[in-house]
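>>> after the sequence you'll find the predicted model.
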Amino acid sequence: AQTVTQSQPEMSVQEAETVTLSCTYDTSESDYYLFWYKQPPSRQMILVIRQEAYKQQNATENRFSVNFQKAAKSFSLKISDSQLGDAAMYFCAYRSSQGGSEKLVFGKGTKLTVNP
Amino acid sequence: NAGVTQTPKFQVLKTGQSMTLQCAQDMNHEYMSWYRQDPGMGLRLIHYSVGAGITDQGEVPNGYNVSRSTTEDFPLRLLSAAPSQTSVYFCASSYNRGGNSPLHFGNGTRLTVT
């Protein structure tokens, strides 16, 4: 079974600075999908960014970008120009492309604090 | 569009009581699922459905039942609540059963079992 590991339970960053959240995963598959979700104090789960494993180019969404290293099974999230509204729990998630691929496997999350 | 709607937002139960958490989506999504979120545990899959009339178990299904009689609705039933079921529950849906189709989440239900 696939597993997702977020090794940083908590991180902090100064407003306007850059922070990188780590995520590693374990799989024997070659094709899959990776996601980062944000959960602010409102509890809502918000999709931040997604990456297809067959794409070599790293995904980018405005201030959010990923560093996808397939061989190392690493999928880190970089937040540039951090804003107070970025403070949240961040979850990394994996989805297989094979049969039974409906399920998302989540990491345990990283709590990000943004200091003014 | 309302997206994924969960009710209630909060619920307190006594041990042994039963209840149903409601989930409805108006996006015509095939796939629906229920997760529970516990501190330090991330989100864990309880049950999921890939279409009306089809359900399957996830990682932590014990103590929960589901059914999918329509595309729109996917209720989660707690048959006899236990304190271990104290958690935040999320319903989520996606357009298709796999791929890069992201999950759309409801706003969650905080359940406390005393």
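Good, I have the coordinates. Numbering: from 1, shown residues only, chains lettered A, B, ... in the order given.

>>> is it correct that A:Ser96 is in contact with A:Ser30?
No - the pair A:Ser96 and A:Ser30 fails to qualify as a contact (C-beta atoms under 8 Å) at a distance of 10.6 Å. C-betas here are computed from N, CA, C, even on glycine.

>>> those two - which one has more neighbours?
A:Ser96 (20 against 10; other C-beta atoms under 10 Å in any protein chain shown).

>>> now do the contacts for that one.
A:Gln2, A:Thr27, A:Glu29, A:Tyr32, A:Lys103, B:Gly98 (C-beta atoms under 8 Å, 6 or more residues apart in numbering or on different chains).

>>> B:Val113 too?
So, once contact is read as C-beta under 8 Å, 6+ apart, B:Val113 ends up touching B:Val12, B:Leu13, B:Lys14, B:Thr15, B:Ala81, B:Ala82, B:Pro83, B:Ser84, B:Gln85, B:Thr86.

>>> burial check on the spatially closest residue to A:Ile79 that is not a sequence neighbour, number of neighbours?
Leaving aside its chain neighbours, A:Ile79 sits nearest to A:Val19 (5.2 Å; criterion: C-beta to C-beta, 6 or more residues apart in numbering or on different chains). Residues near A:Val19, counting by other C-beta under 10 Å, number 20.

>>> how close does A:Val19 get to chain B?
Separation of A:Val19 from chain B (C-beta to the nearest C-beta, to the nearest Å): 20 Å.

>>> so which strand or helix has the nearest residue to A:Glu10 once chain neighbours are set aside?
In space, and not counting its chain neighbours, A:Glu10 is closest to A:Lys111: 4.7 Å by C-beta to C-beta, 6+ apart. Taking DSSP states H and E as the definition, one finds A:Lys111 inside strand A:110-115.

>>> for B:Gln85, grab phi and psi.
The phi/psi pair for B:Gln85 (degrees, to the nearest 10) reads phi -90, psi 0.

>>> what about it, neighbour count?
Count around B:Gln85 with other C-beta under 10 Å applied: 19.

>>> then A:Tyr54?
11.

>>> check which residues of stretch A:43-52 are buried.
A:Arg43, A:Met45, A:Val48, A:Ile49, A:Arg50, A:Gln51, A:Glu52 (16 or more other C-beta atoms under 10 Å in any protein chain shown).

>>> pLDDT on stretch A:24-39, on average?
The average pLDDT within stretch A:24-39 is 93.

>>> with stretch A:105-116 instead?
pLDDT averaged over stretch A:105-116 gives 96.

>>> now do it: distance to the chain's middle.
Distance of stretch A:105-116 from the chain centroid (C-alpha atoms, centre = their mean, to the nearest Å) equals 9 Å.

>>> tell me which residue is most central in chain A.
Closest residue to the average C-alpha location of chain A: A:Trp36 at 3.3 Å, with C-alpha atoms, centre = their mean.

>>> leaving out sequence neighbours, find the closest residue to that one.
A:Trp36 sits nearest to A:Val48 (C-beta to C-beta, 6+ apart), 4.3 Å away.

>>> B:Asn100: what's it in contact with?
With C-beta under 8 Å, 6+ apart, B:Asn100 has these contacts: A:Tyr33, A:Arg50, A:Glu52, A:Arg95.
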